[in-house]
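Q: this is the structure alone, sequence omitted:
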């Protein structure tokens, strides 16, 4: 079974890809789509870090 961390990263990558595909380029300014996707994934990691740590420490 895939780990919680891997699931969270896949979800973040998928949501980031969908979001960057929908939004038009002028909103990004000088940032490329890849840079925006990286920032999105980093934000998702930081948001869900406490949940992942909690689940990992409980042995789930």
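A: On my side now, so go ahead. What you see is a predicted model; the values in this text were computed from it and never measured. Numbers count the residues shown, from 1 in each chain.
Q: what's around residue 37, how many residues?
A: 19 (other Cβ atoms under 10 Å). To be clear about C-beta, it is placed using only N, CA and C from the backbone, and glycine gets the same treatment.
Q: you'd agree it is up against residue 15?
A: No - in this structure, residue 37 is not within contact of residue 15 by Cβ atoms under 8 Å, at 9.7 Å.
Q: which one's the longest helix in this protein?
A: helix 33-57 (DSSP state H).
Q: list the helices and strands it packs on?
A: Applying 3 or more Cβ pairs under 8 Å, 6 or more residues apart in numbering; DSSP states H and E, we find helix 33-57 packed against helix 4-22.
Q: mean confidence score for the helix it packs on?
A: Computed over helix 4-22, the mean pLDDT rounds to 80.
Q: that helix to helix 33-57, inter-axis angle?
A: 160 degrees (axes from the mean of the first three to the mean of the last three Cα atoms, to 10 degrees).
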